[in-house]
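Colleague: Fold the following and give me the result.
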Amino acid sequence: MIALSGYQASLADQFPMYGRLAVLGAEDAPQRLRSQARSFEAMLTLLREGGDLGFWHLPPPAADLQPVLERTTQAWTTLKPALHTLVDAPIGTAGLEATYAQLAAASEVLAETQRELQFVTIGRIVARDSQMRWLLGGVLGADLLLFGLGLVLSHRFVARPIQLLRDATIRVAAGDVHQPVPVLTGDELGALAQGFNTMSAELARLHEVETQLRQTQKLEAVGQLAAGIAHDFNNLLQGIEGYTALLLDQCPAEAGPRADLEQIRHLVQRGAGLTRQLLIFGRRRPLAAQPLHLQTHVQQGAEFLRRLIRENILLEVGPDPEAGWIQADPGQIDQVLMNLATNAQDAMPHGGRLTLQTGTLRVIDPVPTRPGLGPGDYVTLAVRDTGTGMDETTRARIFEPFFTTKDIGQGTGLGLSTIYGIITHARGLIFVDSQLGQGTTFTLYLPRVDAPPQVVAPAPSDRDRREPARIGADELVLLVEDHPAVREIARRALDRAGHRVLVADGPWAALTLPADTLARVTLLVTDVVMPDMSGVALYAQLVQRTPALRVLYMSGYAKNTVEIPEALFLEKPYTLEGLVGRVRTVLDEPAAADTTGARRIHD
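Modeller: Below is the predicted model:
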């Protein structure tokens, strides 16, 4: 091997990017070096100006870099001390001889890599003068060895950020939108990472909005299904109630079957209560908030819960004589008790204790463990079980719609979200305390009301049980009902009461009656929801032909599904006495009041 004397003056001028160089090789190496290095320098200039990217240049076919890089690293470790000596050594043979032994030690490793690796860039570094410079790390060839001094930064500042962005993009494309990436640099790659994080956060927000929309749509669909089931179920109950009433009228007071018939009517009323719960769940029934003594209501509800839960669960009620009144819908409080008791039972598969504890609380200062609980007087209800408990992750999600820890088919995930909605609507709060293996306590805080239960006006059923005062000879009732059993029961009830009745099995049948017949109709008794036309639309057409026509609506849906005044609505299942009494009430109302009510329906 020979040294080219004066290399600092000649080669440094011709290859300014490389800095101080040592050239080892044949005498004709400088010419070939100039040609090859100019090509490499053009590459580096393009990369520096276009993207500041370092690269590995391999001759085809590409070799496996891992073993090559490992051997190159070994060579660099051996050569490093020699290079420090070489760059400061005197020009000429003496300088090379001082480091020859160290250079020779790495020559075998370099020989193994010379056919595999041609060109290596070190990357972008900051020199002592704080200017950005590109340095050539090395060229390994058959007869050429160049060394430059620098720091390998391309992996840290280029390859790694790009790899992180690539991996995060793949995960986002797979649906995992919560994929922020670290911002490792302050240049274009850093700006790209920040932009990606902004995009990822926006995608996460949109994903959350979409999830909430889907849950809302599911709740709406479930609500519509529940309302439809309640409507059909109420029609069935109406038939059972009506025929039971007819049998009771024919049964002597002391006859044995009468008690059985009364039990059937009682079960019909319980079934009607279940449909009311369905309508509440489906947001199809108006809430009847009223003053309610929570302690009394809980004690009454506990009797039903004892029949609901398993026998290996002990139900205890902790009464508090000071617990006062709240303003709430009784049916909704029943639903809260039932759902919480059912959840507690599921959490105690091997039995346990379920406690219902009422109490009172006066809040003066904010309670850290009860965020949102403002100053005031509250009536509390704690539902405590000795079950399996919940971890923190589950506690954080239990009030989400459709979230459930039960197996598929064993839970809808709607129970606790419904409870949350009920308590919130009552201006209350609900909190959960639970730990794995230590049971769960749900605590309800409901505002206390000082006023005692107000005197409630007689229910329509009480008012409607009055015997009709009179039946006018000119009064003709048009009954429109698409359900055959309900239509027949209503017809028989009105006929027995002395009314003259026309029957139509739907709106079109009513509209096609002769004009002179329709002109004599005094009262329209119609179902609200029918396949071809609603009862409200039917009345709107008939009242144009008969301006003095009055109306009474019936429905298995709740009244708030259409704009109907309370006095003109009869909810199914109704009693036969209730139907007859309400018909009499509407007929006895002054004509002006009835006309006003009709306007309220259609305005």
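
Colleague: Report all helices and strands that the host helix or strand of residue 221 contacts.
Modeller: Assigned by DSSP states H and E, residue 221 belongs to helix 188-250. On a contact count with 3 or more Cβ pairs under 8 Å, 6 or more residues apart in numbering; DSSP states H and E, helix 188-250 meets helix 160-173, helix 256-281, helix 484-496, helix 576-588. For the C-beta atoms, the positions are set from N, CA and C on the backbone; glycine is no exception.

Colleague: Most tightly packed of those helices?
Modeller: With neighbours taken as mean count of other Cβ atoms under 10 Å, the helices and strands packed on helix 188-250 reach their highest mean count in helix 576-588, at a mean of 21.

Colleague: coming back round to it: ok, of the helices and strands packed on helix 188-250, where does mean pLDDT dip lowest?
Modeller: Across these, helix 160-173 has the smallest mean pLDDT, namely a mean of 67.

Colleague: Was I right to think residue 447 contacts residue 374?
Modeller: No - look at residue 447 against residue 374 with Cβ atoms under 8 Å: they stay out of range, at 9.6 Å.

Colleague: neighbour-wise, which of those two wins?
Modeller: Taking neighbours as other Cβ atoms under 10 Å, residue 447 and residue 374 compare with residue 447 leading, 17 against 12.

Colleague: name the element the more buried one belongs to?
Modeller: strand 440-449.

Colleague: What strands line up against that strand, and which way round?
Modeller: As defined by DSSP bridges, the strand partners of strand 440-449 come to strand 325-328 (antiparallel), strand 376-385 (antiparallel), strand 429-434 (antiparallel).

Colleague: so which of those gets nearest residue 206?
Modeller: Among the strands paired with strand 440-449, strand 429-434 comes nearest to residue 206, with 29.8 Å by Cβ to Cβ.

Colleague: Only C-alpha atoms, please: export the closest one in PDB.
Modeller: Backbone C-alpha positions of strand 429-434 (Å, rounded to 0.1, in the frame of the first residue of the first chain) are rendered in PDB as follows:
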ATOM      1  CA  LEU A 429     -77.700  12.200  40.800                       C
ATOM      2  CA  ILE A 430     -76.500   8.600  41.000                       C
ATOM      3  CA  PHE A 431     -73.000   7.400  42.000                       C
ATOM      4  CA  VAL A 432     -71.500   4.000  42.200                       C
ATOM      5  CA  ASP A 433     -68.900   2.700  44.700                       C
ATOM      6  CA  SER A 434     -67.400  -0.700  44.000                       C
END
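
Colleague: now what about it, what contacts it?
Modeller: 369-370, 372-373, 389-390, 395, 398-399, 419-420, 423, 440-445 (Cβ atoms under 8 Å, 6 or more residues apart in numbering).

Colleague: Okay, now the unreliable bits of the stretch 51-200 of the chain?
Modeller: Scanning the stretch 51-200 of the chain for pLDDT under 70 picks out 51-163, 165-166, 169, 172-175, 177-179, 184-189, 192, 196.

Colleague: right, I mislabeled it, should have said the stretch 451-600 of the chain
Modeller: Residues of the stretch 451-600 of the chain meeting the criterion pLDDT under 70: 451-474, 558-567, 591-600.

Colleague: residues of stretch 308-318 that come out buried?
Modeller: Under the neighbour-count criterion of 16 or more other Cβ atoms under 10 Å, stretch 308-318 has 309, 313, 315, 317 buried.

Colleague: coming back round to it: got the contact list for the strand holding residue 447?
Modeller: 291, 294, 324-328, 336, 340, 344, 347, 360-361, 370, 373, 376-385, 387, 389-390, 423, 426-434.

Colleague: now it: mean pLDDT?
Modeller: pLDDT averaged over strand 440-449 gives 94.

Colleague: And stretch 226-241, by the same measure?
Modeller: The average pLDDT within stretch 226-241 is 81.

Colleague: could I have it exported to CSV, CA atoms only?
Modeller: Backbone C-alpha positions of stretch 226-241 (Å, rounded to 0.1, in the frame of the first residue of the first chain) are rendered in CSV as follows:
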residue,chain,number,x,y,z
ALA,A,226,-91.1,-1.2,22.6
ALA,A,227,-93.9,1.2,21.8
GLY,A,228,-95.2,-1.1,19.1
ILE,A,229,-95.1,-4.1,21.4
ALA,A,230,-96.9,-2.1,24.0
HIS,A,231,-99.6,-1.0,21.6
ASP,A,232,-100.3,-4.6,20.4
PHE,A,233,-100.1,-5.9,23.9
ASN,A,234,-102.6,-3.3,25.1
ASN,A,235,-105.0,-4.3,22.4
LEU,A,236,-104.8,-7.9,23.6
LEU,A,237,-105.3,-6.8,27.2
GLN,A,238,-108.2,-4.8,26.2
GLY,A,239,-109.9,-7.8,24.8
ILE,A,240,-109.3,-9.8,27.9
GLU,A,241,-110.5,-7.0,30.1
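
Colleague: Only the buried residues of that stretch, if you could.
Modeller: Neighbour counts over stretch 226-241 (16+ other Cβ under 10 Å) mark 226-228, 230-231, 233-241 as buried.

Colleague: closest to residue 557 among the buried residues of stretch 308-318?
Modeller: Closest to residue 557, out of all of these and judged by Cβ to Cβ, is residue 309, at 31.9 Å.

Colleague: Skipping adjacent residues, who's closest to the closest one in space?
Modeller: Nearest non-adjacent residue to residue 309, counting by Cβ to Cβ, 6 or more residues apart in numbering: residue 345, 4.9 Å away.

Colleague: Contact partners for that neighbour?
Modeller: Shown in contact with residue 345 (Cβ under 8 Å, 6+ apart): 309-310, 313, 354.

Colleague: Nearest to residue 494 among those?
Modeller: For these, the nearest to residue 494 is residue 309 (44.8 Å; Cβ to Cβ).

Colleague: wait, what's in contact with that closest one?
Modeller: Counting by Cβ under 8 Å, 6+ apart, residue 309 makes contact with 315, 341-342, 344-345, 354.

Colleague: Quickly compare the strands paired with strand 440-449 and say which is most buried.
Modeller: A comparison of those by mean neighbour count, using mean count of other Cβ under 10 Å, puts strand 325-328 on top with a mean of 22.

Colleague: what mean pLDDT does that one have?
Modeller: Averaged across strand 325-328, pLDDT comes to 91.

Colleague: Run through who's touching that strand.
Modeller: Applying Cβ under 8 Å, 6+ apart, the contact partners of strand 325-328 are 289-294, 379, 426-428, 446-453.
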